[in-house]
Structures are given as C-alpha cells and as structure tokens.
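> coordinates for the following, if possible.
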Amino acid sequence: MSRRARHILVAVIALSALASIFFGLRSYSSYLLLRSAYEAGRPQVSSLRAWMTLDHVATTYRVPLNELLPRLGLPPDASRDESLRAIADQRGVPRFDFVRQVQRALGQSAPVPESGQSTGGLTDRILSALLIYGYPALALTLLLGAIGLPLPIGVAAVLAGSLAALGNLRWEWAGMIAVTASFAGDMIAYGIGRAVSDNFLARHGRWIGYSPQRRDNIQALLQRWGGVTVIISRTLTSSLSSVVSIFAGVSRYQFSHFLGFALLGRLIWTSAYLGLGYGIGNNIDAASQFLGNLSGLIIALGVLVVAGAYRAGMMRPEAG
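This next block holds a predicted model:
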C-alpha cells in the first residue's frame, strides 16, 4: 500500500469519525427535543431551534408575542428580533435548556399548527399513497426499494409506523407486510444476480454499481464475514442492500445462508423503523428530521468501521 493511499485512508477514518460525532450529537439532540415536545403536549414544537427569533417563533406557532414574553420572563418591550440563542447567552443558561423552556411555554397555547411543514416531494407522494392505498402502497414501495429502485424505504417504513400510531394502519399488518415485501425484494435481487451472466453484468452492470473489482471485493467480504455482511446491509446500510443481494447471487453465495441472514436483517430493520414511526406518532416532520440525522450517523459509522477494518488488515502483515 502506497504512502499516499495510507494518508487517504487515515483521512477517511478521521473524517468519518468526526461525521459520526456530528450526526450522533444531532440525533441525540433531535430525540431530546422531540421527547420534550411530547412532554409539553405539543409534538409539533419539536422543530423549534435556538437560531429562531422571538418574532419567528410567535408567527410560526401562532402564539401572540404579548402572551409568550411573560411566560419566558421577558419584559414587554423585548426585541422581537432577539434570537433564542442570544437570550440564553444573556441569561447564562444552556441554549438547549432554554429551547426546551420555550417549548413548554408554547405548550400552554392551543393554536399550534398541526401541519405547517412539508417532508418533501417524494415523501409527500409516498405518504399520500399510504393514506389512499394503505398496505399495497407500503408493500410495493418496500419491494421495489429492496430490488434496487431509488425509493426512500426508510421514510416509508417510518411513515407507516406513524400511520399505525394514528390508527390508519394496524401495526401487526404493517410489520408483517414490511418484512415480507422487503424480504421478497431481497430474494428477487439475489435471483437476478444468480440468473444474469458475467458478460451481461460487464455490459450493463454499471447502472447498479457493478464492476469486476467490486464483485471480487464483495465476494471476499461474503467469504470472510458471511452473514454479518448480509445483516449489516439490511440494517445499518440498508441503502446498499440491493447491491449486496445482487452481488451475493453473482458470487453464488449459499442461498440458504443468504435467506436466513436476510430475514433476520429485515426483522431488525422493520422493528427499528416502524417502531420509530409508531413512537413519534403524528409528528412526521420530526420523524423525517430524526431519521435523516440517524441515517447520517449510521453511514458515517459504517464508513468508519470499514475503513478501520481495512486499515487494520493492511497493517497486520507488516506487524508480522
């Protein structure tokens, strides 16, 4: 391994470690604000942040400023353009604690909007499909996503959990359908890998990220780590599950092993994502924000683990 490659690998490890810390703190902060909002009786105020000004808070959450100021212990002539961050610094209290205080103050008012934010175009369409078509929309989204189509399957599962909490779906059926659909997609992707020839993949495989070198690398991972690779690709790095499934088929990884580990991974994945949505309930925007931070953390940790393992593997022969 060249010196330049070693330096790049060390840089990747350092950056992924920093990203893990960053997204870990954001995930934890999002979770605490979400829990605090529920304790205040207004899940919608979980989107409150320290950069917001008093005027922005009053306008966004439809609370008269002359009612909000006394609840926060502020004088009537307080500047409307003062940010929560600046007020917390002036009082010498942690910004996060002051944001939670504002959440509790907002919780004392009734007219907090129920749906003032959007989760995004594609996510909105998936939510609409789940509301209109229910279980078939959930099954089709997870099936196609597991096969390899670029669909936000994690968001779909969280939304399904939220709808189950609201009573639009039954959580037992949602969980069973989610596991079955995603697992069926894994089997189809594996079957595609077994069915196509090396020549076909060499010509068209670039569309799914295929290359002979990548095939050899994943085959080596499957031979060395076996089920761990399959389970991780279904849980921590679910966006790569279809690629791993296809490559498992291409490399002729034993089907019975793949079947068992893929099923276990999907059970873990479904429990986590549906459970997150069910716990968050009707605050779908907060679910999407938390999921985004959590996904960033998982990806960063995945990169860190892989890079660290590769670094350790490269150093071991030298030590010997």
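
> in the stretch 101-250 of the chain, which spans are helices?
Ranges of helices within the stretch 101-250 of the chain are 121-133, 135-147, 153-166, 171-195, 198-204, 212-225, 227-234, 241-250, based on DSSP state H, counting those that start in this stretch.

> let me know the secondary structure of Arg62.
Going by DSSP: H, G, I helix; E, B strand; the rest coil, the secondary structure assigned to Arg62 is coil.

> and it, how many neighbours does it have?
The number of residues packed around Arg62, counting by other CB atoms under 10 Å, is 13. For every residue, glycine as well, the C-beta is placed using N, CA and C.

> equivalent analysis for Ala129, please.
A count of neighbours around Ala129, defined by other CB under 10 Å, yields 17.

> now do Ala110, the pLDDT please.
What the model reports as pLDDT for Ala110 is 50.

> need the helices of the stretch 101-250 of the chain in JSON lines (columns: mean pLDDT and distance to Arg95).
Below are the helices of the stretch 101-250 of the chain laid out as JSON lines (pLDDT from 0 to 100; distance: least, CB to CB, whole Å):
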{"stretch": "helix 121-133", "mean pLDDT": "68", "distance to Arg95": "29"}
{"stretch": "helix 135-147", "mean pLDDT": "90", "distance to Arg95": "38"}
{"stretch": "helix 153-166", "mean pLDDT": "80", "distance to Arg95": "28"}
{"stretch": "helix 171-195", "mean pLDDT": "90", "distance to Arg95": "37"}
{"stretch": "helix 198-204", "mean pLDDT": "70", "distance to Arg95": "52"}
{"stretch": "helix 212-225", "mean pLDDT": "68", "distance to Arg95": "43"}
{"stretch": "helix 227-234", "mean pLDDT": "73", "distance to Arg95": "36"}
{"stretch": "helix 241-250", "mean pLDDT": "80", "distance to Arg95": "38"}
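
> in CSV, list these along with distance to Arg71.
What follows is the helices of the stretch 101-250 of the chain, written out as CSV (distance: least, CB to CB, whole Å):
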stretch, distance to Arg71
helix 121-133, 34
helix 135-147, 42
helix 153-166, 29
helix 171-195, 37
helix 198-204, 63
helix 212-225, 55
helix 227-234, 47
helix 241-250, 48
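
> select, out of the ones you listed, the one closest to Met52.
With respect to Met52, and counting by CB to CB, the nearest of the helices of the stretch 101-250 of the chain is helix 121-133 at 23.4 Å.

> ok, back up a step: out of the helices of the stretch 101-250 of the chain, the one nearest Ser83 is which?
Among those, helix 121-133 comes nearest to Ser83, with 29.2 Å by CB to CB.

> other residues contacting stretch 254-261?
187, 190, 226-227, 230-231, 234, 245, 248 (CB atoms under 8 Å, 6 or more residues apart in numbering).

> which of the residues you listed are buried?
187, 190, 227, 230-231, 234, 245, 248 (16 or more other CB atoms under 10 Å).

> any idea which of the residues you listed is closest to Gln103?
Nearest to Gln103 among the buried ones among the contacts of stretch 254-261 is Arg234, at 35.8 Å by CB to CB.

> now that closest one: closest residue in space that isn't a chain neighbour?
Gly265 (2.7 Å; CB to CB, 6 or more residues apart in numbering).

> buried stuff in whatever helix or strand that neighbour lives in?
Counting by DSSP states H and E, the secondary-structure element that holds Gly265 is helix 255-280. By neighbour count with 16+ other CB under 10 Å, helix 255-280 contains the buried residues 258, 261-263, 265-267, 269-270, 272-274, 276-278, 280.
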